[in-house]
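A.B. asks: sequence plus the predicted model coming up.
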Amino acid sequence: MNEPMLFLPLIPLLPFVGFLLNGVLGSKLPKALVSTIALAFPLASFALVARAAWMVYSGLALPVIEHGAPEWIVFGAVHIGFGLALDQLTLVMLLVITGVGFLIHLYSVGYMEHEQGYWRYFAYLNLFLFFMTVLVLASNFLLMFVGWEGVGLASYLLIGFYIDRRSAGDAGKKAFVVNRIGDFGFLIAMFLLLGSFGTLNFSEVAAQLAGHAAISGGVVTLICLCLLLGATGKSAQIPLYIWLPDAMEGPTPVSALIHAATMVTAGVYMIARAHALFDLSPTALLVVAILGTATAFFAATVAMVQTDIKRVLAYSTISQLGYMFLGCGVGAYSAAVFHLMTHAFFKALLFLAAGSVIHGLGGEQDLRRMGGLRKQMPVTFWTMTAAVLAIAGFFPFAGFFSKDAILAAAFQHGVSGKALWTVGLTTALLTSFYMFRLWYLTFLGESRADGPADSPANGHGSAHAGHAHESPWIMLTPLVVLAALSVCGGWIGMERFGAFLAPVTGGVQAAAGDGGQIEMMLSALAVLVAAAGWFVAHSIYGRARNDRANASLALPRRVLERKYWVDEIYVAGIVRPLEGLARYGLGWVGEWTLVRGSAWLLAGVASLSGEFLRRWQSGNLRSYAAWLTAAAAILLIFVLAGTLFGINGFADTIHWAVR
Amino acid sequence: MDNVILSLILLVPLAGAALILLLPERGKLPAWIALLDSLLTFLCTLHLPAHFAGGRGGFQFEENVLWLSHPRISYHLGVDGLSLWLVVLVGLLAPVGVVASWKTIGSRSKVFYALFLLQQTAMVGVFVSLDLMLYYGFWELSLIPIVILTAMFGRNLGESSAVKAALRFFLYTFIPSAPLLVALLWLYAHTGSFDYTTLQAAIASGSLPARQLGWVSVAFLLAFAVKVPVLGLHGWLADTFSEAPVAIAMIAAGKLGLYSLIRFHVALFPALAREAAPWMIGFAVVGILYGALLALVQKDFWKLLAYATLSSLSFCTLGIYGFTISGMNGALLQTVNEGIIGAALFLMFGVLFDSRRTSQLGEFGGVAQKAPRLAALFVIASLALIGLPLLNGFVGEFLVLAGTFNGVSKGWAAVAALGVIFSAAYMLRMIQMVFLGEPTANSHGHAVRELSWRETVTVGGLAVLMLAIGVMPTVWTSTMEPALQSAFKVSSAENAVPAAAESGAGMMHAMGESR
């Protein structure tokens, strides 16, 4: 069979060309041309992906591996290249990345219209698509790491897009550095892989593991835990989640694309990609599941009290990513990827709808100053409602199917699974609650744009709600498309989706004969829990329609509002001690000792020439120069003297001198 | 051509220096001569990789003329994969240095550019000399212009701290040269030769008295370690970076010392260097973190750059003393990378400093809005420094760390890898303080100027090179590796990587069978 022509390298390279064009020339181009470049290249990329998907649908066998990829790094006998490969998992990821990615590019044309540095924004956005597609197309860990660090760079640039805003710069820096901690784990994992397998290719590692099916061993667990550290960084899980809420400093479409739909799911993708390793280490899988579940619950509690609309969504993203980790941890990789996909639809939609609200209110992000927007922004309202129902897990919205699949898999995963399932279900209750809280506060009730006295001014200024307007169609079109996907995206069903991914992630956990009934009950329970969450939100915010503080809950509320003081603990426990060590321990004591010490060492070495050198301490610039030249000349003469004057036994003299 | 090219590369800058001294100091004339001359030199150095027979060790473009018969000193030049790219690097950095000095050096520019070109000859001489006495002459010669130019053209002449920095540099580098000279003469006394290959063979034969040879190797090590600098001997670095003209500061650290460590310590005294290796690895790993942590809290960007340099040069030391081919390959590539990235950063820091007459980070802010080109190129160079994949710094760090991890010590390598976290932290902190935020008007009210076209072309070219090395590193590493292989005659069993891979596979087998 002939190689199918998929043009895989073009999928990342097209957005890269867009980045180069806008990045180098953008400041001089008219806005319309910048937008055209920014949209055309991702669209072409998406077309290639869609074409590949069509070919797969009509019978193209996967995986397709690019041959003859150029070589990149040679490490001893290991040759690592720019190899790309397309399999089912990559195809799903690519569809999400380029599809949702294009929609968000389109939305951005409207959202960013009045921003300075319009061209810069789109250059970065295209750069992000380049790295993200590299990440999922890579056929080896090192090339994946290129995408991995690269999306971090794009994220850094976009979070700090408003370059005059100090908080944006801080947030970008924090995101990059925290991610670097994760990347450290990724690097160590690659070194371990090189040592144990002699390759970084996914397929070769998997083949070696399959060849020695009995291997479990500490090395594999260590590799998995190092990879997991990387994943917790990129996917904002405990203990490295702290950068994601701050990342909301970036423009809202960026939050939708990078910090909700695509980049932050890279950790889930990585674990699914490396599942051959994780499958051999029950310990590592258990850690993945526990971290995921804990993060899901923890972030959901914080989301309940946030007052910034984007921060609610940020914690919600962390929480939903926790579900995906839970799915991976119980071995249900395809369920995790399923949730990854549906989450990309409804969370991107939530962010874009929130962006539409913020845009309509002239920059207002505080939930306490919103309300009553249902009338003014009907399209935003209805699309957002679809997304809220989807994330809360109502049948038949997309989130129902995928979250259900993960929880069902957890339930069937032994004793620990039952505990994880319980926490997961509780989190579903919280999720439904905080999403409906957001929904009520934003769209229903009366406008609170003039603000209650207790709400701190956000710096964005005054009442806009009176003039709140629906967003232009270029922003609403993506909302409508994503709303349709949030409704229908799950209808493919876990079974068919799992069967499609099975060649990559291994077989679906075939439920036992009576599994059907249990699953039905679990699903019903999940929907009940979601309804309960809605009910609680309705009873608090539906009537009072304000974020009413309940006096009896003041303490837990304060704990949540301060996000358990985790940031403060990190700063006090890690950042400050390191700075103190650097400033005082090294800067004063270390430098003093070393500089003095080395000076004494050298002085000792030079004790013979010390007298000579001391004469230099006087005199002006010219005399220094003169002395230096003279010194060089003396040295030269000393060396040459032996020959010039024919002194016999020169070598013997030297011999004597140094004996 | 091939048999005189190295002499030509040595002579062209020297002739340029003479021409500058002969012609009157009129306007930018010395600068133009220096620029054209250094470009010509660069073209000459490009002849080397173009005609280099890759894939084999040993010296090429050799010239060997007996200079003095007693003591027997030869004018013996040659280039192998180890020195090839360093010669090209010196050729590249000279025009960069001229461009970086273009607006700064006003009066007495004759002296400046003449000495600058002399310095270039000396540095090339260090890389191509195969006679140790000739090497020593160039080594000493390379120190002198740095000292004089720092003293004469330093930044803070009024406070005379430039003179102090020059003196400190002189003391740090000149003093260890004295024992180096003595050690050289000792070797001559025992072997009757200054020739590199002869000495290498003599030392390998084991006929020299062992104890004294140990001291000789220490003298070599000390002289080079100061010049790198290795942690503990870095007392001159921050001062020189703060005070020396940028064209001088950008060549003062790194390559001369690192090259000499490989060629004249590790390859000349392999057995003794192995004994020193655990110490050097320790110094290197501690140096990586020490420099990075200190860079994190600096308030002055020259000092920040000095500690950052200490940190990234320690990666090179780590790679060299790990005694794995991959690690050394990475260290050598990183030496070249460091030169390129450092030159770009120095040039841009020079622009910042000249605009504001201060290097206090707190006095900057919002520069990205005033000078977007400067900001963009600065960010690219910073990303290369912190090892972003697809830029050159990553390849070197990866090879060093992977080589150390699998060939030497997992623990040391893991600790060293922590450096990647801190490097991101200190560079982004600096970018944040200088380029982001609201533009600040400092006390002098000077705005930061945008890069001139000459500077943009220069730094842009360096940025392209960072990308090229980052994407196609094998172009460089494939010429370096055979030289390293043959220089150490490392048997394949000693080569860390296949060994590690085999032991890994062996481990897998063992584990498989134990089940």
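C.D. replies: Yep, it's here. Because the structure is predicted, anything quoted here is derived from the model rather than measured. Residues are numbered from 1 along each chain as shown, chains lettered A, B, ... in the order given.
A.B. asks: now residue A:22: closest residue in space, sequence neighbours ignored.
C.D. replies: residue A:123 (4.0 Å; Cβ to Cβ, 6 or more residues apart in numbering or on different chains). Quick note: C-beta positions are derived from backbone N, CA and C, even for glycine.
A.B. asks: show me the contacts for the one you found.
C.D. replies: Each residue near residue A:123 by Cβ atoms under 8 Å, 6 or more residues apart in numbering or on different chains is listed here: A:18, A:19, A:22, A:23, A:26, A:38.
A.B. asks: and it, what element?
C.D. replies: helix A:118-137 (DSSP states H and E).
A.B. asks: just checking, what packs against whichever helix or strand comes after that helix?
C.D. replies: Counting by DSSP H and E, the next helix or strand C-terminal to helix A:118-137 is helix A:141-159. The contact analysis (3 or more Cβ pairs under 8 Å, 6 or more residues apart in numbering or on different chains; DSSP states H and E) places helix A:141-159 against strand A:71-75, strand A:78-81, helix A:118-137, helix A:166-197, helix A:217-234, helix A:266-273.
A.B. asks: need the three-state assignment for the closest residue to residue A:149 other than its chain neighbours.
C.D. replies: Leaving aside its sequence neighbours, residue A:149 sits nearest to residue B:389 (Cβ to Cβ, 6+ apart; 5.2 Å). With DSSP: H, G, I helix; E, B strand; the rest coil as the basis, residue B:389 sits in coil.
A.B. asks: give me the phi and psi for residue B:389.
C.D. replies: phi -60, psi 150 (degrees, to the nearest 10).
A.B. asks: do the same with residue B:193
C.D. replies: According to degrees, to the nearest 10, residue B:193 has phi -150, psi 150.
A.B. asks: check contacts around it.
C.D. replies: B:72, B:199, B:202.
A.B. asks: quick one: neighbours of residue A:425, just the number.
C.D. replies: 18 (other Cβ atoms under 10 Å in any protein chain shown).
A.B. asks: and if you look at residue B:3?
C.D. replies: Residue B:3, neighbours per other Cβ under 10 Å, totals 11.
A.B. asks: where are the low-confidence patches of chain A?
C.D. replies: Scanning chain A for pLDDT under 70 picks out the ranges A:1-4, A:213-216, A:450-467, A:507-515, A:544-552, A:603-659.
A.B. asks: make it 80
C.D. replies: A:1-5, A:66-68, A:211-217, A:446-468, A:506-516, A:542-554, A:595-659 (pLDDT under 80).
A.B. asks: of all of it, which residue lies closest to chain B?
C.D. replies: Across chain A, the shortest distance to chain B (Cβ to the nearest Cβ) belongs to residue A:76, at 2.3 Å.
A.B. asks: count of neighbours near that residue?
C.D. replies: If we define neighbours as other Cβ under 10 Å, then residue A:76 has 25 of them.
A.B. asks: surely it and residue B:327 touch.
C.D. replies: No. Using Cβ atoms under 8 Å, residue A:76 is not in contact with residue B:327, being 10.0 Å away.
A.B. asks: quick check, residue B:62 in a strand?
C.D. replies: Yes. Assessed with three-state DSSP, residue B:62 lies in a strand.
A.B. asks: that one: what's it in contact with?
C.D. replies: B:3, B:76, B:77, B:78, B:130 are the contacts of residue B:62 under Cβ under 8 Å, 6+ apart.
A.B. asks: measure the first one to residue B:53 for me?
C.D. replies: From residue B:3 over to residue B:53 the distance is 14 Å, taken as Cβ to Cβ, to the nearest Å.
A.B. asks: next: the third one.
C.D. replies: Per Cβ to Cβ, residue B:77 is found 17 Å from residue B:53.
A.B. asks: picking up where we left off before, check contacts around the residue nearest to residue A:149.
C.D. replies: Residue B:389 is in contact with A:142, A:145, A:146, A:149, A:150, B:470, counting by Cβ under 8 Å, 6+ apart.
A.B. asks: I'd like to know how many residues surround the fifth one.
C.D. replies: So that's residue A:150. What residue A:150 shows, counting by other Cβ under 10 Å, is a neighbour count of 21.
A.B. asks: the last one too?
C.D. replies: Around residue B:470 sit 24 other residues, with neighbours defined as other Cβ under 10 Å.
A.B. asks: repeat that for the third one.
C.D. replies: Residues near residue A:146, counting by other Cβ under 10 Å, number 22.
A.B. asks: my read: it touches residue A:132, true?
C.D. replies: No. Assessed by Cβ under 8 Å, residue A:146 is found out of contact with residue A:132, at 11.2 Å.
A.B. asks: is it correct that residue A:316 is in contact with residue A:302?
C.D. replies: No. With contacts counted by Cβ under 8 Å, residue A:316 stays clear of residue A:302, the gap being 9.7 Å.
A.B. asks: overlap in contacts of those two?
C.D. replies: Contacts common to residue A:316 and residue A:302, judged by Cβ under 8 Å, 6+ apart, are absent.
A.B. asks: residue nearest the centroid of chain B?
C.D. replies: Centroid check for chain B by Cα atoms, centre = their mean gives residue B:255 as the closest residue, at 2.3 Å.
A.B. asks: in stretch B:103-115, which residues are buried?
C.D. replies: Buried residues in stretch B:103-115, counted by 16 or more other Cβ atoms under 10 Å in any protein chain shown: B:104, B:105, B:109, B:110, B:111, B:112, B:113, B:114, B:115.
A.B. asks: go on, stretch A:560-579?
C.D. replies: Result for stretch A:560-579 [16+ other Cβ under 10 Å]: buried residues A:560, A:563, A:578.
A.B. asks: not counting its neighbours along the chain, what's nearest residue B:448?
C.D. replies: That would be residue B:355: by Cβ to Cβ, 6+ apart, it lies 4.3 Å from residue B:448.
A.B. asks: which helix or strand contains the one you found?
C.D. replies: Counting by DSSP H and E, residue B:355 is found in helix B:325-356.
A.B. asks: also residue A:430?
C.D. replies: helix A:414-443.
A.B. asks: give the other helices and strands that that helix contacts.
C.D. replies: By 3+ Cβ pairs under 8 Å, 6+ apart, helix A:414-443 packs against helix A:282-303, helix A:309-329, helix A:373-376, helix A:378-392, helix A:398-411, helix A:515-537.
A.B. asks: so can I have CSV of those showing distance to residue B:285?
C.D. replies: Output for the helices and strands packed on helix A:414-443, formatted as CSV (distance: least, Cβ to Cβ, whole Å):
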stretch, distance to residue B:285
helix A:282-303, 28
helix A:309-329, 33
helix A:373-376, 57
helix A:378-392, 47
helix A:398-411, 43
helix A:515-537, 52
